[in-house]
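Chemist: The following comprises the amino acid sequence and a computationally predicted model.
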Amino acid sequence: MARGANDFTDFRRWDEENFLHPWEMMADRGASGRTFNERAEGIYVYDENGERLIDGPGGMWCVQLGYGRQEIGQAMADQAAEMAYFSPYSHGNSTVSKLAHEIARRTPGDLNTVFFTTGGSTAVDSAIRFMHFRNNLLGRSEKKIVISRQKAYHGSTYLSASVSGKERDKSWFDFASDLVHFLPDVNPYRRPEGMSLEAFLDEKVADLETAILSLGPDRVGAFIAEPILASGGVIVPPAGYHRRCLEICRKHDVLYISDEVVTGFGRLGHWFASEAVFDIVPDIITCAKGMTSGYVPMGACIISDSLVESISGARSKNAMFSNGYTYSGHPVSAAAALRTIEIIEGEGLLEHARAMTPLFQERLAALAELPIVGDARGMGLMGCVECVADRHSRNPLELDKEVGARIDAECHKLGLIVRPLINMCVFSPPLVIKADEIEKMFDILATGIRRASDELAREGLWAA
């Protein structure tokens, strides 16, 4: 049961004084006034006052099955009571081995080697380290550069943050800049005026090959790409983009890393989107988030057998892949992931997500009719609304930079959480969401956008 608001004085003070949150605005340190989420059920969370809110972001792209899944909690408790931890360095565990097998059964091609990590960032970090390790063993010590995209997000460990291209996250940190090269934005909405989608696609594919040739194929080790650039604003590249980029990578012996931390485990209605949606079989897939439905941290770097075999046995030079984590393959996390897989299959949630997609995308597209909305885009059960000062210039800078936060605040009053990103709001609700709940979510979102735009107009920050 949610505590009354008056009971939260100490909790709020401890939160402000002792909990440094991710992506904390330091100017607001000690005075952020965050809402407390205290319990949850289905697609809803309840705040400290007992108010019910639709969880539009699905936690953070991760709560595929919704909240209150007693069977996941029970599986975790049973595993913790039976075997809470084992050392992955020197021993095996049946629960973890079964999970590795179940994941391999669902991956495309020969991606059957599963390296467990603590989350998405460490999965990407491990993918890059494996590429470096392999090229060193093959005598290609200069072949280390990773090509990424502007607006891409791949994590917040040192290497994964280095290959992330969100400009706001780059302001005050150091990165392994010598190991990464960024290509321009792949957002079709931001293509030059008058350029066709086909010409834009050709340009984006050419970006990749030009970079490889300029840097030198002997120096470029991998291209990393999200099937959909999630945290960058749910950017959906033009159709055929990933397949053509994979062809370029194959041509120049560059590994293709598909970052499916968001799109994996059902977000687009399939276990993995790489092959089922985008017609590619990458060399490495990274995943996390939905694999345990957010109930406990876990991630994985899934590597093709051909890559592993190229440096195994007699080819290994007696090398050790000395990369790993204390909690690689944690059995309690593995139990949660196995039960998540069972529920997704048992309840037909991949099929359900595909069935709900047309309504979700139809309601999303209709938001583009609102005057302040420049673009409403998405795929599967994920979407983004991008607000602009005017549709002709597509300029967001004349708007209050916190317009996304204003929309979130208005939606919160009406019973919906969305995730604000400067002039955008993104959302990816639990896969269990029903048609009437989708209708309600978008009704609230449309009202929240109207209210926020009216507020901006009253303040002279936007001309209707």
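Modeler: Happy to help now that I have it.
Chemist: Can you name the residues that contact the spatially most central residue of the chain?
Modeler: In the chain, the C-alpha nearest the mean C-alpha coordinate belongs to residue 262, at 3.3 Å (CA atoms, centre = their mean). Applying CB atoms under 8 Å, 6 or more residues apart in numbering, we find residue 262 in contact with 61, 226, 228, 230, 231, 289, 290, 382, 428. No exception for glycine: its C-beta is placed from N, CA and C like everyone else's.
Chemist: my guess is residue 439 meets residue 366, correct?
Modeler: No - in this structure residue 439 lies outside contact range of residue 366 using CB atoms under 8 Å: 11.3 Å.
Chemist: about what we covered before: which of the contacts of residue 262 fall in helices?
Modeler: With helices taken from DSSP state H, the overlap with the contacts of residue 262 comprises residue 61.
Chemist: which two of the contacts of residue 262 lie the greatest distance from each other?
Modeler: 231 and 290 (14.9 Å; CB to CB).
Chemist: Could you pull up the residues touching the spatially closest residue to residue 459 that is not a sequence neighbour?
Modeler: Of all residues not flanking residue 459 in the chain, residue 400 sits nearest, at 7.7 Å (CB to CB, 6 or more residues apart in numbering). For residue 400, the contact set (CB under 8 Å, 6+ apart) comprises 406, 456, 459, 461, 462.
Chemist: what are the phi and psi angles of the residue lying farthest from the centre of the chain?
Modeler: Centroid-distance maximum for the chain: residue 314 at 37.7 Å, with CA atoms, centre = their mean. Per-residue torsions, residue 314: phi -70, psi -20 (degrees, to the nearest 10).
Chemist: For the lengthiest helix in the chain, which helices and strands make contact with it?
Modeler: With secondary structure taken from DSSP H, the chain has its longest helix at helix 435-458. Secondary-structure packing of helix 435-458 (3 or more CB pairs under 8 Å, 6 or more residues apart in numbering; DSSP states H and E): strand 52-55, helix 349-366, strand 382-387, helix 403-414, strand 416-417, strand 424-427.
Chemist: at 7 Å instead, please
Modeler: helix 349-366, helix 403-414, strand 416-417 (3 or more CB pairs under 7 Å, 6 or more residues apart in numbering; DSSP states H and E).
Chemist: most tightly surrounded among the ones you listed?
Modeler: strand 416-417 (a mean of 23; mean count of other CB atoms under 10 Å).
Chemist: What mean pLDDT does the helix or strand hosting residue 308 get?
Modeler: Following DSSP states H and E, one finds residue 308 within helix 305-309. Helix 305-309 shows a mean pLDDT of 98.
Chemist: Mind listing what's buried along it?
Modeler: 307, 308 (16 or more other CB atoms under 10 Å).
Chemist: got the CA positions of that helix in PDB?
Modeler: Output of helix 305-309 as PDB, limited to C-alpha atoms (Å, rounded to 0.1, in the frame of the first residue of the first chain):
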ATOM      1  CA  ASP A 305      30.200 -19.100 -33.800                       C
ATOM      2  CA  SER A 306      32.300 -18.300 -36.800                       C
ATOM      3  CA  LEU A 307      34.000 -15.400 -34.900                       C
ATOM      4  CA  VAL A 308      34.600 -17.500 -31.800                       C
ATOM      5  CA  GLU A 309      35.900 -20.500 -33.800                       C
END
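Chemist: Need the residues that contact it.
Modeler: Residues from elsewhere that reach helix 305-309 (CB atoms under 7 Å, 6 or more residues apart in numbering): 110, 112, 113, 134, 283.
Chemist: Could you do stretch 130-146 as well?
Modeler: Taking CB under 7 Å, 6+ apart as the rule, stretch 130-146 contacts 128, 163, 179-181, 215, 218-222, 224, 255, 301, 303, 307, 311, 317, 319, 321.
Chemist: which helices and strands does the helix or strand containing residue 378 pack with?
Modeler: Assigned by DSSP H and E, residue 378 falls within strand 373-379. Secondary-structure packing of strand 373-379 (3+ CB pairs under 7 Å, 6+ apart): helix 349-366, strand 382-387.
Chemist: Cool, thanks, signing off.
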